[in-house]
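Engineer: missing the sequence, but the structure's below:
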């Protein structure tokens, strides 16, 4: 079974508990790191995703995965919050976090600069738009290595 099919099936399995608890399924990934495969779910909820929430989703999903046992490779299941410095990936996240400060890292520098920090204006025509100190920057999504919520103390 291909990775994208595994991810889709896991998303379908976990959807009932996500909806029952007003969680947000941020991302599912199935990846190999070193000798191990990892099935990772990033889940969030308004007010924060707790350890008890992680345990609830993990136990539910473990039971479903054991019943079907469709993943042929051995893997480690991880359920966690995307964190306060979450990477923005979905179009909807650019709307949800509009007005927040983000850190943008580019693959290639613009005028010798690869990292920018500013207020997120949004995702407009596949361009990530921020305001950094009164100057508006627009980055093609394909040129952005990551756009994540900034952690400011």
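Structural biologist: All right, it came through fine. Because the structure is a prediction, the values reported are computed rather than measured.

Engineer: now do the SS call for residue 30.
Structural biologist: For residue 30, the secondary-structure state derived from DSSP: H, G, I helix; E, B strand; the rest coil is strand.

Engineer: which element follows the strand or helix carrying residue 138 toward the C-terminus?
Structural biologist: Take DSSP states H and E as the rule and residue 138 turns out to sit in strand 135-140. Scanning the chain past strand 135-140 towards its C-terminal end, the next helix or strand to appear is strand 144-149 (assignment: DSSP H and E).

Engineer: okay, buried residues for that next one please.
Structural biologist: 144, 147, 148, 149 (16 or more other C-beta atoms under 10 Å). Using the backbone N, CA and C atoms, a C-beta is placed for each residue, glycine as well.

Engineer: quick one: average pLDDT of stretch 89-104?
Structural biologist: For stretch 89-104, the per-residue pLDDT values average out at 93.

Engineer: re earlier: out of the buried residues of strand 144-149, flag the one nearest to residue 118.
Structural biologist: residue 147 (10.7 Å; C-beta to C-beta).

Engineer: contacts only, for that closest one.
Structural biologist: By C-beta atoms under 8 Å, 6 or more residues apart in numbering, residue 147 lies in contact with 87, 88, 102, 103, 104, 105, 120, 128.

Engineer: picking up where we left off before, in a markdown table: the buried residues of strand 144-149, plus distance to residue 47 and pLDDT.
Structural biologist: Formatted as a markdown table, the buried residues of strand 144-149 follow (distance: C-beta to C-beta, whole Å; pLDDT from 0 to 100):
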| residue | distance to residue 47 | pLDDT |
| --- | --- | --- |
| 144 | 29 | 96 |
| 147 | 23 | 96 |
| 148 | 20 | 94 |
| 149 | 16 | 94 |
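
Engineer: nearest to residue 56, of the residues you listed?
Structural biologist: The nearest one, if we look at the buried residues of strand 144-149 relative to residue 56 and count by C-beta to C-beta, is residue 149, at 24.6 Å.

Engineer: who touches that closest one in this structure?
Structural biologist: Shown here is residue 149, whose contacts under the criterion C-beta under 8 Å, 6+ apart are 84, 85, 86, 88, 97, 100, 101, 102, 103.

Engineer: quick one: which of the contacts of residue 147 is nearest residue 135?
Structural biologist: Lowest distance from residue 135 to the contacts of residue 147 (C-beta to C-beta) belongs to residue 104, with 13.2 Å.

Engineer: next, give phi and psi for residue 95.
Structural biologist: phi -80, psi -50 (degrees, to the nearest 10).

Engineer: thanks again, I'm all set now.
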